[in-house]
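Novice: coords please:
(one chain, ligands or ions: 3)
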Amino acid sequence: MLLDHIHQPEDLKHLTTEQLEQLAAEIREFLVEKLSVTGGHLAPNLGVVELTIALHYLFDSPDDKFIFDVGHQSYVHKILTGRKDRFDTLRMYKGLCGFVKRSESEHDVWEAGHSSTSLSAAMGMAVARDLKKASNRVVAVIGDGALTGGMALEALNHIGHEKRNLMVILNDNEMSIAPNVGALHNYLGRIRSDRHYVKAKEEVEYLLKKIPAIGGTLAKTAEKLKDSFKYLVVPGVWFEELGFTYLGPVDGHNLPLLLETLKQADKVIGPVLVHVITLKGKGYSPAEADSQNWHGASPYKIESGKMIKAVGPPMYTEVFGNTLIELARQDERVVAITPAMPSGSGLIKFASIFPERMFDVGIAEQHAATFSAGLASEGLKPVFAVYSTFLQRAYDQVVHDICRANLNVAFAIDRAGFVGPDGETHQGIYDIAYLRSIPNLTLMMPKDENELRHMMKTAVDYNDGPIAVRYPRISGLGVSMDEPLKSIPIGTWEVLRPGEDAAILAVGPMIPVALEAAELMAKEGVGVRVVNARFIKPMDEAMLLQLAKEDLPMITLEEGAQMGGFGSGVMEFYSSQNLHGMRVKIIGVPDYFVEHGSVAEQRQEVGFTSERLVAELQALVPRKRQRA
Ligand SMILES: Cc1ncc(C[n+]2csc(CCOP(=O)(O)OP(=O)(O)O)c2C)c(N)n1
Ligand SMILES: CC(=O)[C@@H](O)[C@H](O)COP(=O)(O)O
Ligand SMILES: [Mg+2]
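Specialist: Residues are numbered from 1 along each chain as shown. Ligands and ions are numbered 1, 2, ... in the order given. This next block holds a predicted model:
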């Protein structure tokens, strides 16, 4: 196998084109086989095998900087840069990261996970190169989905203006996670489909070259003629008008053509955009047929293409999607907005039932937020479905357009808390801290999937401003769903277990571990009250005052950043009441980035365990209260 002899990009340089094509086939086989066990972003990586081989064959990483947008399609890059032997640990605890990772290799020059950052980073590296009088290449690989991200367009604007040497490779597979959307996508579609563009362009350019060099007005007319023809035939004229040289579209699986085009691109002075057409999932028929489902694959059976899914209670996401349909049936104000995550957010069924009330705006969280504000300003009830981590992209819009204006936007914040294999770039652990300080916003988290349903009803019924419900990327507890849906009084907590010696104020999925700790403490004769602190804002101030009255020591427990989180809110409240003697132990995610692994391993790592809680309670509860 050629692949056995590839340990670094240098090992590619002597191969023939036929050998490179053989290598591509071997890498595809490797990916399908390895990811059948580990899971991962199979379809995106199958689509960039030839492209990644071509880059490492022609150019010289790490001197030449390769920047992968999102970074989920960097497995081939990792294989070619000495990490193929680590793929059995892909996305596992302390194993190979599923995204580009600087600590893994000198070839990983730019980390991501969130989309649309590659062009800005590339521009930074290009300017740095020029200021250092260096001559390395800077090559960004960005997908058609990521190109819909606002940051990418901001960067195109800057790159085209400065006209520095920089190569942008647009990996166009017509897919985001779902089929890509938007006017830019439609434009790319016209280029992809009108093959005659390329032929006509060559003929026109040949013809124009034939016109003898002439002076005077005729020359100006000829130039104008050439420009107007350009609009007719140059496929990438939009990019050309932004200051790029556009090359393509080129078949991203035709290695000889790809090599030829990249060599041509390498000679261009100034920014060049190479439009590469690929097939997401190329080479594995189940992934080719359904690249949305195979974008992020669970472990699977290779032969049957059947993914191995955990059986058990429904995911919170599924309960959200089903409940939103129920609410939308009762209330025609309800509309759903997703920034390119219809499937991950559980909205596929909703979209099929209410196509006119479902909006996939592309990878555009900022736009999604203010679009929701616009909808709410006209009396609709927009439900903005967004992952906690991706909502970070729209922080200003949440403050400036939604909360300040006190508009009735409902946020359905999925993937709140640890997310597992996607790791540090995707952990949903900052939203409590970054949302609770914004005036007018109500923030809640259910103890189980049944309470999620009632919280969604609460959010839709609530007409006093923005309201957010956050829920985790895990299955529910398997509780029964009670009917009918009813609103929960805002700002009310719930005592789940009585106790006279201490209290744990737990948020969402932290409740089971709090109940476990209380059970263990009961064996020591210590009564620990467990409270479902389901409203992070506003808090249940009556209950907080009652706890103070009883002088109960307490733990606050949240799967969110400890700094500025729910526990901080409790301390702030007691401070505001001048209750300075309260003994409060805040337990949340410590101040560092928690890397990939399973949710259970991540929780274990930061001490979200009943054993840890018991130790903290023993330190908190004075001896006299600990009955013999
Ligand atoms: C800011 C942000 N929003 C959403 C996502 C989720 N996401 C990851 S990959 C992806 C689709 C990317 O499409 P494209 O850039 O075309 O790459 P492809 O997977 O098609 O190769 C999305 C929406 C993200 N990573 N970052
Ligand atoms: C790379 C990326 O951002 C998405 O593919 C993300 O990994 C999806 O996350 P879920 O698997 O939680 O839907
Ligand atoms: Mg794509």
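Novice: C-alpha from now on. contacts and neighbour counts both.
Specialist: Fine.
Novice: list the contacts of the residue of the stretch 501-628 of the chain found nearest ligand 3.
Specialist: Proximity of the stretch 501-628 of the chain to ligand 3 (CA to the ion) peaks at H596, 23.8 Å away. Shown in contact with H596 (CA atoms under 8 Å, 6 or more residues apart in numbering): 91-95, 97, 420-424, 602.
Novice: and of those residues, the nearest to ligand 3?
Specialist: Nearest to ligand 3 among the contacts of H596: D422, at 18.7 Å, using CA to the ion.
Novice: quick check, the residue in the chain closest to ligand 3?
Specialist: M175 (3.9 Å).
Novice: ok, now how distant is the closest residue to that residue other than its chain neighbours from A287?
Specialist: What sits nearest to M175 in space, not counting adjacent residues and going by CA to CA, 6 or more residues apart in numbering, is G145, at 6.4 Å. Distance of G145 to A287, given as CA to CA, to the nearest Å: 18 Å.
Novice: higher neighbour count, those two?
Specialist: Neighbours per residue (other CA atoms under 10 Å) separate G145 from A287, with G145 holding more: 28 against 23.
Novice: dihedrals phi and psi, the more buried one?
Specialist: phi -70, psi -50 (degrees, to the nearest 10).
Novice: give the contact list for it.
Specialist: 174-177, 180, 362-363.
Novice: moving C-terminal of the helix or strand containing A336, what's the next helix or strand?
Specialist: If you go by DSSP states H and E, A336 is part of strand 334-338. Going down the chain from strand 334-338, the next helix or strand is helix 348-353, by DSSP H and E.
Novice: tell me the strands beside the helix or strand following that following helix, with direction?
Specialist: Next in sequence after helix 348-353, counting helices and strands by DSSP H and E, comes strand 358-360. Under the criterion DSSP bridges, strand 358-360 sits next to strand 334-338 (parallel) in its sheet.
Novice: now check the strand it pairs with, is it near ligand 1?
Specialist: No: in terms of CA under 6 Å from any ligand atom, no part of strand 334-338 sits within range of ligand 1; the closest distance is 9.7 Å.
Novice: show me which residues of that strand are buried.
Specialist: 334-338 (16 or more other CA atoms under 10 Å).
Novice: with respect to ligand 1, which of the contacts of G145 is nearest?
Specialist: Set against ligand 1, the nearest of these by CA to the nearest ligand atom is S176 (3.4 Å).
Novice: distance of the closest residue to that closest one other than its chain neighbours from S193?
Specialist: Leaving aside its sequence neighbours, S176 sits nearest to G145 (CA to CA, 6+ apart; 4.3 Å). Per CA to CA, G145 is found 18 Å from S193.
Novice: strands of the stretch 401-550 of the chain, start to end?
Specialist: In the stretch 401-550 of the chain, the segments counted as strands under DSSP state E, counting those that start in this stretch are 410-414, 442-444, 467-470, 494-497, 502-506, 528-532, 535-537.
Novice: got CSV for these, with mean pLDDT, distance to H275 and mean neighbour count too?
Specialist: Below are these laid out as CSV (pLDDT from 0 to 100; distance: least, CA to CA, whole Å; neighbours: other CA atoms under 10 Å):
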stretch, mean pLDDT, distance to H275, mean neighbour count
strand 410-414, 99, 34, 27
strand 442-444, 99, 43, 25
strand 467-470, 99, 39, 24
strand 494-497, 98, 56, 15
strand 502-506, 99, 51, 27
strand 528-532, 99, 53, 24
strand 535-537, 98, 47, 25
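Novice: now, which of the contacts of H596 sits nearest I348?
Specialist: I348 has its nearest neighbour among the contacts of H596 in D422, at 22.2 Å by CA to CA.
Novice: ok, that closest one - how many residues close by?
Specialist: With other CA under 10 Å as criterion, D422 counts 21.
Novice: that one and R91 touch, don't they?
Specialist: Yes: between D422 and R91 there is a contact under CA atoms under 8 Å: 6.9 Å.
Novice: common neighbours of these two, please.
Specialist: Common neighbours of D422 and R91 (CA under 8 Å, 6+ apart) are 98, 596-597.
Novice: can you lay out those residues as TSV showing pLDDT?
Specialist: Putting the shared contacts of D422 and R91 into TSV (pLDDT from 0 to 100) gives the following:
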residue	pLDDT
G98	98
H596	98
G597	98
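Novice: which of the helices and strands in this protein ranks last by mean pLDDT?
Specialist: When the helices and strands of the chain are compared on mean pLDDT, DSSP states H and E, helix 196-210 comes out lowest with a mean of 62.
Novice: before we move on, back to that, in terms of contact, does the residue of the chain closest to ligand 3 touch K280 like I think?
Specialist: Yes: here M175 lies in contact with K280, judged by CA under 8 Å, at a distance of 7.4 Å.
Novice: intersection of neighbour lists for those two?
Specialist: Common contact partners of M175 and K280 (CA under 8 Å, 6+ apart): S291.
Novice: more crowded one of those two?
Specialist: K280 (29 against 22).
Novice: quick one: the helices in the stretch 451-600 of the chain?
Specialist: Counting by DSSP state H, counting those that start in this stretch, the stretch 451-600 of the chain has these helices, from start to end: 511-522, 541-549, 566-576, 599-606.
Novice: pick the most buried one from those helices.
Specialist: Most buried of the helices of the stretch 451-600 of the chain, by mean neighbour count (mean count of other CA atoms under 10 Å): helix 511-522, with a mean of 20.
Novice: which bits of the protein sit near ligand 1?
Specialist: Counting by CA under 6 Å from any ligand atom, the chain sits next to ligand 1 at 44, 70, 113-115, 142-146, 173, 175-177, 340-341, 363, 390.
Novice: what strand or helix carries A328?
Specialist: A328 belongs to helix 316-330, assigned by DSSP H and E.
Novice: could I get the buried residue list for that helix?
Specialist: For helix 316-330, a neighbour-count test (16+ other CA under 10 Å) marks 316-321, 323-325, 327-328 as buried.
Novice: P62 contacts H107, doesn't it?
Specialist: Yes: using CA under 8 Å, P62 is in contact with H107, at 4.7 Å.
Novice: for this protein, which residues are neighbours of ligand 2?
Specialist: Selection of the chain residues close to ligand 2 by CA under 6 Å from any ligand atom yields 72, 113-114, 296, 344, 422.
Novice: out of those, who's the most crowded?
Specialist: H72 (24 neighbours).
Novice: leaving out sequence neighbours, find the closest residue to M123.
Specialist: Excluding its sequence neighbours, the residue lying closest to M123 (CA to CA, 6+ apart) is I159, at 6.5 Å.
Novice: and for that neighbour, the neighbour number?
Specialist: 26.
Novice: quick check: it touching G124?
Specialist: No: in this structure, I159 is not within contact of G124 by CA under 8 Å, at 9.8 Å.
Novice: let me know the pLDDT of N171.
Specialist: Looking at N171, its pLDDT is 98.
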